[in-house]
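>>> What follows is a protein structure lacking sequence information:
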DNA sequence: CTGTTAGCGCGTTCAG
DNA sequence: CTGAACGCGCTAACAG
């Protein structure tokens, strides 16, 4: 942060007051076009640039948004961030991203840091299932995405995916493709996996197939046991289909499947990736509409910033089924 | 940006002056431990949080870094960003990311916006081959990554990959694997692809194989023609190996290759992806050490922020070869 | 149409 | 050890 030239210097240079310079630079109608132009020219010559810090502190608005997510290495969040950047760009906002690694304490810290930066609003995919967030003074306009916060107080908005419906569609499509016995490897995090599991159960209960709870297994946070679970499902439990609760689990399943001479089974999962198309493996994928999620979340946040007291709004977006 | 409680309110509450409060909160030794503790307690009770804006404007330091890259959808940049976040977290910095979509004008705009935000430093993978950046007042400490800036004035640092060496290693390994005729699909962007092409030529010129320039083709910016180029290389020009200048090109090649009944050839490329491991296709990949790039860049930037006038420093990091 | 004055929230002299 | 006063760079209120 080097010392810059300020409106004060422009003022003395132009022989006017700082107020006039400020007005001229902000294209206020309350200044003669002649002097306005002259001042703007001097500003250009001197290579002047506003100090947004000073400006923000004065107008009480930073045009900055905080985005709190678990990690940026999965395509789901990456795509959302990309589209949020796009929205931000178009609306003259900037975005600060904070990772939490699915850790509640980190999340708290991240949010605090962002609030100290005086962000105008927050978009958060909370890792905090049981919302220690309640402690947080929720004075900052916030919209939650991807995961349902439990008991946050104050007004806020939520954008969620139709997980139950999506999972059910995956199941019926897999059955349609010939699968008879479908296993489920669950993700340890958040509310989404619960909903997806529920969709799996719902869809199966509407068939004649027995609902076998032994076919539902849980991955660890680091996915270290997914390979084992996959083997168990295919060999011991004789599954001919497996649903992965998310992209990362799918990756680890594939790892095991292509590792040795496994019988070809059919896979189901959420979240698309450009690499899946070239995978040469039968898969049924429920794509989450990342661009839409970002757009809806952004719009809701804009409205809430404008009117922080408007009623809470919960939106659900639909998945799209793709077969590879 | 809601109205918060300030040190002034703490001052009146504690019956002291704002100066004392400021000192107490910053753990200054110039205040009695007793009152210090009392003030800190009151601050906690009131849920006080510093206004980093005001603080930054006063101490002339924002603890914010700007990161300017083309996009965040490719794993190379995603991984770098992830590691930069990690470094930032450990050093109490925050990061603002700006996308450029490989567009020089967007890059200028992004950098200006970041400078107005008074970022302490900049990390940029420039899209601007011929450096209109020269116009930019380079008063902000900057380190360039991935691409070599041409004629930027002022002091700065650079972190680059050994692209020539990496490409040469890819070629020799592919030859070793049995390839006889290796094509090259080049990326339209930046200095990296030039270096990689050079490595390809160098390695081939050290063999008895003829150097055939018809085997070197150029992709468009949107990769739309990569499928065609792939077909041309395999069918018309009878290649049994293709090197993709980057990850995205590789993806589009695979798309074509798995689309129909192509003869199995061997592929080479830069940048790893977790999905490549499960691809079941013979590939030779030169991994760029993203974590190292991020770490080195961050460290260089820290040093340059501390001493903006230190001599320019150019670092090269090595690729690691992986075979799938 | 323009200049003067007054803060925004904070850290830091300079006096006590 | 503490308080009063000042200023960071900018915009807004109030006068002229």
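Now that the structure is in, tell me what you want to look at. Please read all numbers here as calculations on a predicted model, not as lab measurements. Numbers count the residues shown, from 1 in each chain, chains lettered A, B, ... in the order given.

>>> alpha carbons only for contacts and neighbour counts from here, please
Noted.

>>> quick one: whatever residue of the stretch 101-250 of chain A ends up closest to DNA strand D from residue A:69, how far?
The shortest separation between the stretch 101-250 of chain A and DNA strand D is 14.4 Å, found at residue A:118 (distances taken as CA to the nearest atom of the strand). In this structure, residue A:118 lies at 18 Å from residue A:69, with CA to CA, to the nearest Å as the measure.

>>> Quick check on residue A:108: phi, psi?
Main-chain torsions, residue A:108, degrees, to the nearest 10: phi -60, psi -50.

>>> and if you look at residue A:64?
Phi and psi for residue A:64, reported as degrees, to the nearest 10, are phi -130, psi 140.

>>> Let me know whether it touches residue A:119 as I believe.
Yes - with contact defined as CA atoms under 8 Å, residue A:64 and residue A:119 form a contacting pair (5.0 Å).

>>> Looking at residue A:118 and residue A:69, which has the bigger crowd around it?
Counted by other CA atoms under 10 Å in any protein chain shown, residue A:118 and residue A:69 do not tie: residue A:118 has more neighbours, with 28 against 24.

>>> Just say helix, strand or coil for the more buried one.
Reducing the assignment to helix, strand or coil with DSSP: H, G, I helix; E, B strand; the rest coil, the entry for residue A:118 is coil.

>>> doesn't residue B:53 make contact with it?
Yes - Residue A:118 is in contact with residue B:53 according to CA under 8 Å; the separation is 7.1 Å.

>>> Tell me who's in contact with residue A:91.
Not one residue lies near residue A:91 by CA atoms under 8 Å, 6 or more residues apart in numbering or on different chains.

>>> Ends of stretch A:140-152, what's the gap?
With CA to CA as the measure, what separates the two termini of stretch A:140-152 is 12 Å.

>>> what residues does stretch A:96-109 touch?
With CA under 8 Å, 6+ apart as the criterion, stretch A:96-109 contacts A:64-72, A:110, A:114, A:126-128, A:132-133, A:136, A:189, B:85, B:94-97.

>>> Endpoints of that stretch, how far apart?
Between the opening and closing residues of stretch A:96-109 there is a gap of 14 Å (CA to CA).

>>> Stretch A:299-317 too?
Stretch A:299-317 end-to-end distance (CA to CA) = 14 Å.

>>> quick one: secondary structure of residue A:322?
Local secondary structure at residue A:322 is given as strand here, using three-state DSSP.

>>> For the residue in the stretch 151-300 of chain A that DNA strand C sits nearest to, give me the backbone phi and psi.
Nearest to DNA strand C, among the residues of the stretch 151-300 of chain A, is residue A:154, at 21.6 Å (CA to the nearest atom of the strand). Comment: the main-chain dihedrals of residue A:154 come out as phi 100, psi 180, following degrees, to the nearest 10.

>>> Over to the one 4 residues further on?
Backbone dihedrals for residue A:158, given as degrees, to the nearest 10, come out at phi -140, psi 140.

>>> wait, what's in contact with residue A:218?
Applying CA under 8 Å, 6+ apart as the definition, the contact partners of residue A:218 turn out to be A:185, A:186, A:187, A:188.

>>> try 6 Å this time
Contact partners of residue A:218, counting by CA atoms under 6 Å, 6 or more residues apart in numbering or on different chains, are A:185, A:186.

>>> So which bits of chain A are right by DNA strand C?
Where proximity means CA under 7 Å from any atom of the strand, the interface of chain A facing DNA strand C comprises A:15-20, A:29-33, A:35-36, A:54, A:57-58.

>>> Fine, thanks again, bye for now.
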